[in-house]
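Novice: sequence unavailable; structure follows:
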């Protein structure tokens, strides 16, 4: 009788664990490619396929369960699409010749990424563009180069970079519970580990414990 109860309890525990897994469906519509295999990999394991399917005329459906939402590598007929898997029902529109997942519909992380892109344009690109205008005036459209003009441009780029890092840290504070933020920190921190640690500290405990959070922590150690 005790053995029967034990097996029942083990079965219940397995069902609970299975129910907690991340279940998703990803439809894909990729241009500039026809048929091929679609495979999903862990970012730390390029050998073992987590899930796979077939693509016909650039269209595929990949569905199943993963241990958790997070950062994965989607291999589409040999081309890698780094992807944040955080939605239940997603659609990926992409270009085989220019792999990107910014047109992934149904993903909260992509919305955060697009908001970050807009902020980058406002804080960094507009500053640099304005400074370039001044630089061209100083050099008469590049025909009269000078040390003063070169120093001006270098200082302008450095200032724009500092402003961007400060704005980005505030952006992380505004989205501490977003699964995309650890990946953003990994991409943006470069060799500035101290900045990366500051950004990591603003994340919620849940995001720090998530798969992207753990990947970020490894980079900071």
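Specialist: Thanks, I have it. All values derive from a computational prediction rather than experimental measurement. Residues are numbered from 1 along each chain as shown.

Novice: chain center to the strand ranked longest in the chain, what's the gap?
Specialist: Criterion DSSP state E: the longest strand present in the chain is strand 22-31. Counting by CA atoms, centre = their mean, to the nearest Å, strand 22-31 is centred 16 Å from the centre of its parent chain.

Novice: ok, now stretch 154-174?
Specialist: 19 Å.

Novice: mind listing what's buried in that stretch?
Specialist: Neighbour counts over stretch 154-174 (16 or more other CB atoms under 10 Å) mark 156, 160, 164-165, 167-169, 171-172 as buried. Using the backbone N, CA and C atoms, a C-beta is placed for each residue, glycine as well.

Novice: what is the longest strand of the chain packed up against?
Specialist: strand 59-66, strand 70-76, strand 79-85, strand 89-95 (3 or more CB pairs under 8 Å, 6 or more residues apart in numbering; DSSP states H and E).

Novice: quick check: next helix or strand after it?
Specialist: strand 36-41 (DSSP states H and E).

Novice: average pLDDT for that following strand?
Specialist: The average of the pLDDT scores along strand 36-41 is 98.

Novice: pairing partners for the helix or strand following it, with directions?
Specialist: Later in the chain than strand 36-41, the nearest helix or strand by DSSP H and E is strand 51-55. Note on strand 51-55: by DSSP bridges, its sheet partners are strand 36-41 (antiparallel).

Novice: which residues are in contact with the strand it pairs with?
Specialist: 28, 48-55, 60, 62, 72-78 (CB atoms under 8 Å, 6 or more residues apart in numbering).

Novice: residue ranges with poor pLDDT in this structure?
Specialist: 1-19 (pLDDT under 70).

Novice: one step back: got the buried residues for the longest strand of the chain?
Specialist: By neighbour count on 16+ other CB under 10 Å, the buried set for strand 22-31 is 22, 24, 26-28, 30.

Novice: related to what we said a few turns ago, can you lay out the buried residues of stretch 154-174 as CSV showing distance to residue 111 and secondary structure?
Specialist: Below are the buried residues of stretch 154-174 laid out as CSV (distance: CB to CB, whole Å; DSSP: H, G, I helix; E, B strand; the rest coil):
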residue, distance to residue 111, secondary structure
156, 31, helix
160, 25, helix
164, 20, helix
165, 22, helix
167, 18, helix
168, 17, helix
169, 20, helix
171, 13, helix
172, 15, helix
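
Novice: and the helices and strands packed on strand 22-31: which comes nearest residue 124?
Specialist: strand 79-85 (21.9 Å; CB to CB).

Novice: now the angle from the closest one to strand 36-41?
Specialist: Interaxial angle of strand 79-85 relative to strand 36-41 (axes from the mean of the first three to the mean of the last three CA atoms, to 10 degrees): 50 degrees.
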